[in-house]
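Asks: Here you go, sequence then predicted model.
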Amino acid sequence: MADVKVKFCGMTRADDAVAAIALGASYIGTVFAGGPRHLTAERAAELWSGISASVPRVGVFGADAQEHVASTAVAVGLTVVQLHGDPRAADIRRTRARFSGQIWAVARADGSLLPDWTEELFREADAVLLDARVPGSLGGTGVTLEWEALARTLDSVRGSTPVVLAGGLRPENVATAIRLLSPDVVDVSSGVERVPGEKDHSRMRAFMDAVRGSRT
């Protein structure tokens, strides 16, 4: 089994980002899409100042104007833009015209049912992130997907484009999710928190251990 990468998302505190890097995270995310973990570009730049840029930085956006996405990406030094507002292929192309880094498109599933336009996301984006569709929220809800049924749906559309799995992952369940869905990256936020926006470093470590243990 190929190594599965880990993204710690919803960072609001510098010491949590430092802990993620020390644990070996492959990506670290900050949210610009509202909710309890939302940061302004200025606050995110402050968080990242003095922290190594060795780990790619992911910015999570809703259905924002492309100019806002591009200006925030430059101000914060983002490596990846994650489009979370039900993007379509045209949205990815417009973002790519203004941003030279990777673009991850989010497909929000109802249980195991992916949006009708998921295949075009796999053709256009650098990776597709799977998350649960929860009314009134774009992510970080702790709601899990129906992994086994979703795996069958996913097989017909994923091709060689990397899959990022989010949605209710925790140290206690991530190994099962990896076994059933074979993602390239697992994305965790609320599953390693004490309260929204405040990471629990012992749960972050347990999550990394569970992912590494799934390789054997």
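Replies: That came through, no problem.
Asks: Now the longest helix along the chain: buried residues?
Replies: When the chain is parsed with DSSP state H, its longest helix is helix 201-213. Under the neighbour-count criterion of 16 or more other Cβ atoms under 10 Å, helix 201-213 has 201, 203-204, 206-208, 210-211 buried. Where you see a C-beta, it was placed from the backbone N, CA and C, and this is true even at glycine.
Asks: want to throw these into JSON lines with pLDDT and distance to Lys7?
Replies: Below are those laid out as JSON lines (pLDDT from 0 to 100; distance: Cβ to Cβ, whole Å):
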{"residue": "His201", "pLDDT": "98", "distance to Lys7": "16"}
{"residue": "Arg203", "pLDDT": "98", "distance to Lys7": "15"}
{"residue": "Met204", "pLDDT": "98", "distance to Lys7": "12"}
{"residue": "Ala206", "pLDDT": "98", "distance to Lys7": "16"}
{"residue": "Phe207", "pLDDT": "98", "distance to Lys7": "11"}
{"residue": "Met208", "pLDDT": "97", "distance to Lys7": "12"}
{"residue": "Ala210", "pLDDT": "97", "distance to Lys7": "15"}
{"residue": "Val211", "pLDDT": "97", "distance to Lys7": "11"}
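Asks: Distance to Leu114 added to those residues, as a markdown table?
Replies: Putting these into a markdown table (distance: Cβ to Cβ, whole Å) gives the following:
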| residue | distance to Leu114 |
| --- | --- |
| His201 | 34 |
| Arg203 | 29 |
| Met204 | 29 |
| Ala206 | 30 |
| Phe207 | 25 |
| Met208 | 28 |
| Ala210 | 26 |
| Val211 | 24 |
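Asks: Just flag the most distant two among those.
Replies: Largest separation among the buried residues of helix 201-213 by Cβ to Cβ: His201 and Val211, giving 15.8 Å.
Asks: who's the most centrally placed residue in the chain bridged to?
Replies: Central residue of the chain (Cα atoms, centre = their mean): Asp187, 4.9 Å from the mean position. With DSSP bridges applied, Asp187 shows beta-bridge pairing to Lys7.
Asks: Please tell me how far it sits from Ile28.
Replies: Note on Asp187: its distance to Ile28, by Cβ to Cβ, to the nearest Å, is 11 Å.
Asks: cool, and Arg179?
Replies: Note on Arg179: its distance to Ile28, by Cβ to Cβ, is 25 Å.
Asks: So for those two, which residue has more residues nearby?
Replies: Counted by other Cβ atoms under 10 Å, Arg179 and Ile28 do not tie: Ile28 has more neighbours, with 24 against 13.
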